[in-house]
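> Give me coordinates for this.
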Amino acid sequence: MSDLQRTLVLIKPDAVRRGLIGAILGRYETKGLSTVALEQRWIDAAAADRHYADHVQKVWYPPLRDYITSGPLVAVVLEGPGAIEAVRTMNGATDGVVAAPGSVRGDYSLSNRENAVHASDSAESAAREIGLWFPGLS
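Numbers count the residues shown, from 1 in each chain. Alright, predicted model coming up:
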């Protein structure tokens, strides 16, 4: 398959706290995406800064850093045809208040920051993020 892609998904601390790991992963599996790597972990501020490097200088970033380091998250590498776009579409709009019903954020989030999941937004981001979270896969 020429369109086979890998993408990184983070199931964020709010979704982990609420016991939504299985429900969220099940959506991706039902879509036909394969799990290549999966690990639950805590991250520190330095790891958050590496992941969100493009946003570190933005005024809204410090509260995001506090949130993403507030509890365990699940890092997942998914693979499948058009995986990057498929996952972003399934996740829905970043703001859970306006995300469409049926999307991950539309069903599980009422916040712009605590919005259940993160997903790579491009092939370049996916390669960079997978390299950060799962260096053995890059």
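
> now the residue nearest in space to the middle of the chain, what's its secondary structure?
Central residue of the chain (CA atoms, centre = their mean): His118, 2.5 Å from the mean position. Under DSSP: H, G, I helix; E, B strand; the rest coil, the three-state class of His118 is strand.

> quick one, strands of the chain?
Shown for the chain, the strands assigned by DSSP state E span residues 4-11, 34-41, 73-81, 117-119.

> mind giving me CSV with those strands and columns for distance to Pro135?
In this view, the C-beta of every residue, glycine as well, is placed from N, C-alpha and C. Formatted as CSV, the strands of the chain follow (distance: least, CB to CB, whole Å):
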stretch, distance to Pro135
strand 4-11, 12
strand 34-41, 11
strand 73-81, 12
strand 117-119, 18
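
> Now distance to Ser109 and mean pLDDT too, for those strands, in JSON lines please.
Formatted as JSON lines, the strands of the chain follow (distance: least, CB to CB, whole Å; pLDDT from 0 to 100):
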{"stretch": "strand 4-11", "distance to Ser109": "12", "mean pLDDT": "98"}
{"stretch": "strand 34-41", "distance to Ser109": "19", "mean pLDDT": "98"}
{"stretch": "strand 73-81", "distance to Ser109": "14", "mean pLDDT": "98"}
{"stretch": "strand 117-119", "distance to Ser109": "8", "mean pLDDT": "98"}
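
> So for stretch 127-138, what gets flagged as buried?
Buried residues in stretch 127-138, counted by 16 or more other CB atoms under 10 Å: 127-130, 133-134.

> Go through those and name the one nearest Val98.
Proximity of these to Val98 (CB to CB) peaks at Glu129, which lies at 24.7 Å.

> can I assume that closest one is in contact with Ala53?
No: if you go by CB atoms under 8 Å, Glu129 and Ala53 don't touch, sitting 10.2 Å apart.

> nearest to Met90, of the strands of the chain?
With CB to CB as the criterion, Met90 lies closest to strand 117-119 of the strands of the chain, at 8.5 Å.

> Can you spell out which helices and strands pack onto that closest one?
With contacts defined as 3 or more CB pairs under 8 Å, 6 or more residues apart in numbering; DSSP states H and E, the packing partners of strand 117-119 are strand 4-11, helix 83-91.
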